[in-house]
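Asker: Test case, fold it:
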Amino acid sequence: MEQGLNRLEIEKKEIWYIVLPLFLVMPLLGLSNQVFGFFKEESYICLNLIIQILIIVFTMAIAIQSWLIFSHLLSNQTLYIGNLFFIIALLEMVSLVIAQFPTAETNYMETLLHLLMRVCLSIGFLFIILMPKKRLTMNDRIYTYGSSLLFVLLCYLLVYFSSTYFLLEAQLLLKAGTIVHSMSAVLQVITIVILSKYIKQLPKRVIWLISASIYLIISDIFFAFIQDLQSIWGFSALIYQFFAFFFFLKAIYYTTVEKPYQQLLKIKQDLEQSQQELHFQAFHDDITKFPNEHLLLKTLKEDSHDNGRQRAIIAIEIDRLAAIRSSIGINYSNTMMKLVAERIQAILPPHYFATKLLEGQFIIYINHVKTREELVQFCLNLKSAMQRPLQVQLFTLNGNLNIGIAPHEENCSGEELLMHAQLAMREASQIPQRVLFYKPYMSNGLADRLLLEQELHKALANEEFYLDFQPQVNLKTGKIESVEALVRWRHPTRGFVSPELFIPIAEESGLIIPLGKWILETACSQAKIWNEQGLPPMKVAVNLSIGQLFQQDLVHMVQEILQCTKLEPKYLQLEITESMTMNIDQITQLLHELKAIGIQIAVDDFGTGYSSLSYLKDFPIDCVKIDRAFVRNIQHNPNDEALVSMILSMAKHLRLKVVAEGIEEVEQLAFLIDGGCDYIQGYLFSKPISAEEISNNFNELHRRARNVLKEFRYEEDFVI
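Answerer: Residues are numbered from 1 along each chain as shown. Okay, here's the model as predicted:
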């Protein structure tokens, strides 16, 4: 819009060059005698000479500009315009020289040369604008300019011999002049009509050319009807001819110099803007627009020589970001990062420098720290700002942050300070407060953890994972009706790697998504194999990670696995942890969709989370599992005993099945039986064993369960 207004202003300004000649004609018509009498005759002769010299200068300038610019454009129109004005310049020079020797013959020759010049100008210019554009070669420039010189020489010879042998009478010469100038004016009108078609494409250039044509028309009219070239009208005609060539020069100058310069200037401005944008992109994050790692390291390096101030770095990450990103997709997770960045920016003090790393971590650099309490207070403000859930399209996500703080230490570089803050941030994910200052012990084992993360990515492809299954005994029937699938990692050099070590790494790296799918496929396939081997139907329980729970195609994936393995949905139980129930709106719909397939839903580690128990009535849950932490000391700790009793009673009233984990002693079993527990699993009956052991020793496992339970009052109900 702004460019359009600027363009309109330019066009209005240029229109004045068309209207102005008409205003100048009026005083000449009414005050011609007074104006003419103002100067003496000798003055007009001098003024005519000056105007003729300026006309030669302008026309030769056009010819030279066209000669020079042709080497870049190689345009036929540029070349022919230069040749046309080269011819006019030469004819004007010859006419000027002849005029210095005033005789009847020289006056005659001067008039013929003038008429010849006007014919060449009107016909030549019209011919050029009608000519189709094409590219020429450098040789064409030499040929055409050479031809123009030869043409002027022939014209001079023709005029010279005409004045010598065919001298026309003054009246005939005057009539010939009237005809030539009238014809020239008509051709200029045709030229204006043709040029007006291009005024939208090339507004400024066309305005100049039309102005030049109008000046030539007025000049031709004056020349056509005057009797005395030494009168005010002859001088005025020459003035208008001078201005016409001036505007021709401006049009050529605009096309060959001004416009390319403006384009070059615009290219320079665009290039500077592009450089600024590239500089911004190089040192800023595309998603949050925060400064990135490059600018952070540059700033740390620049401040490394200033030892007079206490510095600190605060490292911040969204808890389980890799799992969330793998589950909800990159677009939604990027939106989540924007929301977190906005909340950080809202509470950021002026002298705190916030950046974002590629790993999804936010780094706060403070180059002047007064007290540790200042850092703690900022972290508390940040945690408070993140209490409200993050609304990302249909997802309501909790922005739980892990925060690590690394105060400045002597002989500690900026890169080391950054690494310390990141180590403290990782350790903070293991404590409830989620905020931790760096301690030297945190650096121990860092290299081994990074190596283990790399090896974890290869383990799935190398088939290093396998499943063990722990039986779950129905206390009402004494039968093994279900098993829990537990993933194991047999490393080729490390040997057995504990799930407590590699599962958190898998969740942080996002590998939990493909690993969880493999576990689900393998567990369902094994349950179907047992059924085909003739074993009683057994339900298999598989744990879901939070990353899988937010996986967009989870329901579809479960359906596909059940179809591929041909396992009936009722023999699959998916277990979620209590902490996953925080996002009630999202989880409710997802669990109902899973429940609609026909599978069962259980809450694992019940009692260890921080959620409201209201989800028990809102979610389609079939079973709760009492965590082993409460069962372990049930016979020694009255609080654990009361808590387990409460869970059993609550589950009974809500018509939920209860599974107790970690049963290792008969006293624990006795308490659970008395409390009405439904299922138990633990080393008292069986440790986690392989699928082959269950196939080969199924009857033995039942016999062991009978021997353990025969002391209790349910023995007569057992059917094994």
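Asker: Quick check: phi and psi at the closest residue to Lys625 other than its chain neighbours.
Answerer: Nearest-residue entry for Lys625: Val659, 4.5 Å, with adjacent residues in sequence omitted and distances by C-beta to C-beta, 6 or more residues apart in numbering. Using the backbone N, CA and C atoms, a C-beta is placed for each residue, glycine as well. Main-chain torsions, Val659, degrees, to the nearest 10: phi -120, psi 130.
Asker: tell me the contacts of Tyr254?
Answerer: Tyr254 makes contacts with Lys204, Arg205, Trp208, as judged by C-beta atoms under 8 Å, 6 or more residues apart in numbering.
Asker: helix or strand for the first one, which one?
Answerer: This points to Lys204. Taking DSSP states H and E as the definition, Lys204 sits inside helix 203-225.
Asker: out of the contacts of Tyr254, who's nearest Lys134?
Answerer: In terms of C-beta to C-beta, no member of those lies closer to Lys134 than Arg205, at 19.3 Å.
Asker: And the closest residue to Phe247 other than its chain neighbours, how close does it get to Phe242?
Answerer: Nearest-residue entry for Phe247: Ala212, 3.8 Å, with adjacent residues in sequence omitted and distances by C-beta to C-beta, 6+ apart. Distance of Ala212 to Phe242, computed by C-beta to C-beta, to the nearest Å: 11 Å.
Asker: hmm, back to that, can you give me the buried ones in the helix holding Lys204?
Answerer: The neighbour-count check on helix 203-225 (16 or more other C-beta atoms under 10 Å) flags 204-224 as buried.
Asker: what's the answer for stretch 474-482, then?
Answerer: Neighbour-count burial for stretch 474-482 [16+ other C-beta under 10 Å]: Asn474, Leu475, Gly478, Lys479, Ile480, Glu481, Ser482.
Asker: How much space separates Phe243 from Ala237?
Answerer: Counting by C-beta to C-beta, the gap from Phe243 to Ala237 is 11 Å.
Asker: quick revisit: please name every helix or strand in contact with the helix holding Lys204.
Answerer: In terms of contacts (3 or more C-beta pairs under 8 Å, 6 or more residues apart in numbering; DSSP states H and E), helix 203-225 is packed against helix 2-30, helix 104-130, helix 170-196, helix 232-253.
Asker: bridging residues for Thr355?
Answerer: When assigned by DSSP bridges, Thr355 has beta-bridge partners Ile363.
Asker: Tell me which residues touch it, please.
Answerer: Counted by C-beta under 8 Å, 6+ apart, Thr355 has contacts Asp285, Phe290, Pro291, Asn292, Glu293, Leu295, Leu296, Phe362, Ile363, Ile364, Tyr365.
Asker: Which ones among these lie within strands?
Answerer: Phe362, Ile363, Ile364, Tyr365 (DSSP state E).
Asker: burial count for the last one?
Answerer: Burial of Tyr365 is recorded as 22 neighbouring residues (other C-beta atoms under 10 Å).
Asker: Would you check that it makes contact with Lys298?
Answerer: No - contact criterion C-beta atoms under 8 Å: Tyr365 and Lys298 do not qualify, at 11.3 Å.
Asker: pLDDT for the ones in strands among the contacts of Thr355 - can I get that in TSV?
Answerer: TSV is the format used below for the ones in strands among the contacts of Thr355 (pLDDT from 0 to 100):
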residue	pLDDT
Phe362	92
Ile363	92
Ile364	93
Tyr365	92
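Asker: how much space between the closest residue in space to Ser147 that isn't next to it in sequence and Arg343?
Answerer: Spatial nearest neighbour of Ser147, excluding adjacent residues (C-beta to C-beta, 6+ apart): Asn83 at 7.6 Å. For Asn83, the distance to Arg343 equals 72 Å [C-beta to C-beta].
Asker: okay, those two: which has more neighbours?
Answerer: Counted by other C-beta under 10 Å, Asn83 and Arg343 do not tie: Asn83 has more neighbours, with 24 against 18.
Asker: so that one is in which element?
Answerer: helix 76-99.
Asker: List the buried residues in that helix.
Answerer: For helix 76-99, a neighbour-count test (16+ other C-beta under 10 Å) marks 76-96, 98-99 as buried.
Asker: got any ranges where this structure has weak pLDDT?
Answerer: 1-45, 164-171, 226-234, 305-308, 322-323, 326-327, 445-447, 578-586, 607-615, 711-720 (pLDDT under 70).
Asker: quick one: buried residues of stretch 641-650?
Answerer: Glu641, Val644, Ile647, Leu648.
Asker: Closest one of these to Gln275?
Answerer: Distances from Gln275 to the buried residues of stretch 641-650, taken by C-beta to C-beta, are shortest for Ile647, at 65.6 Å.
Asker: Any figure for the gap between the residue nearest to that closest one when sequence neighbours are not counted and Met557?
Answerer: Ranked by C-beta to C-beta, 6+ apart and with sequence neighbours excluded, the top spatial neighbour of Ile647 is Ile626, at 5.7 Å. Applying C-beta to C-beta, the value for Ile626 to Met557 is 29 Å.
Asker: Who has more neighbours out of the two?
Answerer: Ile626 (28 against 17).
Asker: Quick check: that one touching Glu661?
Answerer: Yes - here Ile626 reaches Glu661: they are 6.5 Å apart, a contact under C-beta under 8 Å.
Asker: Any idea how many residues pack against Gln600?
Answerer: Other residues close to Gln600 by other C-beta under 10 Å number 21.
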